[in-house]
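Colleague: Pasted the sequence and its predicted model underneath.
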Amino acid sequence: KRFDNHGLSFQHGTPYIPSVDNVIRIYNKNLTFNSLTRRVDFPLELNIDNFKFIENVVFMQDEETSEAQAAFFYAGRFYVQAIRTVEDSPELAFLGLITSGEILASYFKYPVDDLLDNDTKTLLEELKNSGVAGERLRKKVQAKLMAISASFCKFLLECLDDDFFERSEAKNNFERIDKTYIKQRLKEAYNLRSKYVHAGQSHSGWMSVNSLLDNPEIIHGNPVIEDKDLQKSIKRSPTFIGLERIIRYSLIKFLVRTKIIDDFAMAFANKQALN
């Protein structure tokens, strides 16, 4: 859930005037991260007793997990910033979610073979066997294929288990993320990031959440955009709502995978919250 910091009111005997910048903003209470409704994934109740499930995230400074903790907090900053700013700057907020996923993915050093499909592996082997020039070309192509985009997709796919797809926060079934096309949707989300950062192509307001009522995780229909390539990427990518749920789920899964928190503890907490 979203929490805004309004600044200090008192510190070391000195009074402060809290910031009122957030007071004048209009919030869409239908959004999953703004509403009082529990999330469908890991819906921990806002109760101080539940702190025991995540205390290791805050206090444990074990050498074996310190690097993972640093990555989690760094990625978490971009996630929090995204849900705080999406109603004002949806494109930058979408970029923030992608960045959060990139940081988590970069923690795992995936071997190149884990990032390539069989057809690509066969092509690289053919290049390798075609002589000195082919070997040089193979190394260049392989380096490109090992880019963070491949790691980004692989990491998120590893996090999104069957439980994720059995639930949804979208009110309409036709606006739910399904397992069938998830890899393609993650690739297109990253493509949108590249189009915006490298080519300056705007999402044309299609990531705006201010008027959303049904929390759609994907876009139903064709965006009205002249650029057909950009139109395709937006249609196939998750919405901000969908990507936010993916990144939130992956942040928690990251804690479990790196043994910062116990998988059984989170499963128990999940069960408690749902009962």
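Modeller: Nice, I can see it. Computed from a predicted model, the values in this text were never measured in an experiment.
Colleague: Strands along the stretch 1-150 of the chain, start to end?
Modeller: Along the stretch 1-150 of the chain, counting by DSSP state E, counting those that start in this stretch, strands occupy 10-11, 14-15.
Colleague: Using a markdown table, lay out those together with mean neighbour count, mean pLDDT and distance to residue 193.
Modeller: Glycine gets a C-beta too; all of them are placed from N, C-alpha and C. Below are the strands of the stretch 1-150 of the chain laid out as a markdown table (neighbours: other Cβ atoms under 10 Å; pLDDT from 0 to 100; distance: least, Cβ to Cβ, whole Å):
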| stretch | mean neighbour count | mean pLDDT | distance to residue 193 |
| --- | --- | --- | --- |
| strand 10-11 | 8 | 68 | 39 |
| strand 14-15 | 8 | 76 | 43 |
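Colleague: I'd like the distance between the residue nearest in space to the middle of the chain and residue 155.
Modeller: By Cα atoms, centre = their mean, the mean C-alpha position of the chain lies nearest to residue 247, the distance being 2.4 Å. Distance, residue 247 to residue 155, using Cβ to Cβ, to the nearest Å: 11 Å.
Colleague: joint contacts of those two?
Modeller: Listed as contacting both residue 247 and residue 155 by Cβ atoms under 8 Å, 6 or more residues apart in numbering are residue 101.
Colleague: Isn't residue 223 up against residue 206?
Modeller: Yes: the criterion here is Cβ atoms under 8 Å, and residue 223 meets it with residue 206 at 5.2 Å.
Colleague: Counting neighbours, go ahead and name the busier of these two.
Modeller: residue 206 (21 against 16; other Cβ atoms under 10 Å).
Colleague: Of the strands of the stretch 1-150 of the chain, which is nearest residue 54?
Modeller: Residue 54 sits nearest to strand 10-11 of all the strands of the stretch 1-150 of the chain, at 25.9 Å, using Cβ to Cβ.
Colleague: Skip the chain neighbours and tell me the closest residue to residue 249.
Modeller: residue 41 (5.1 Å; Cβ to Cβ, 6 or more residues apart in numbering).
Colleague: Look up phi and psi at that neighbour.
Modeller: Main-chain dihedrals, residue 41, degrees, to the nearest 10: phi -110, psi 130.
Colleague: okay, now it: neighbour count?
Modeller: Residue 41, neighbours per other Cβ under 10 Å, totals 18.
Colleague: same check, this time on residue 174
Modeller: By other Cβ under 10 Å, 9 other residues sit near residue 174.
Colleague: Tell me the secondary structure at the nearest residue to it once chain neighbours are set aside.
Modeller: Once flanking residues are discounted, residue 174 sits nearest to residue 220: 5.5 Å by Cβ to Cβ, 6+ apart. Taking DSSP: H, G, I helix; E, B strand; the rest coil as the rule, one finds residue 220 in the coil state.
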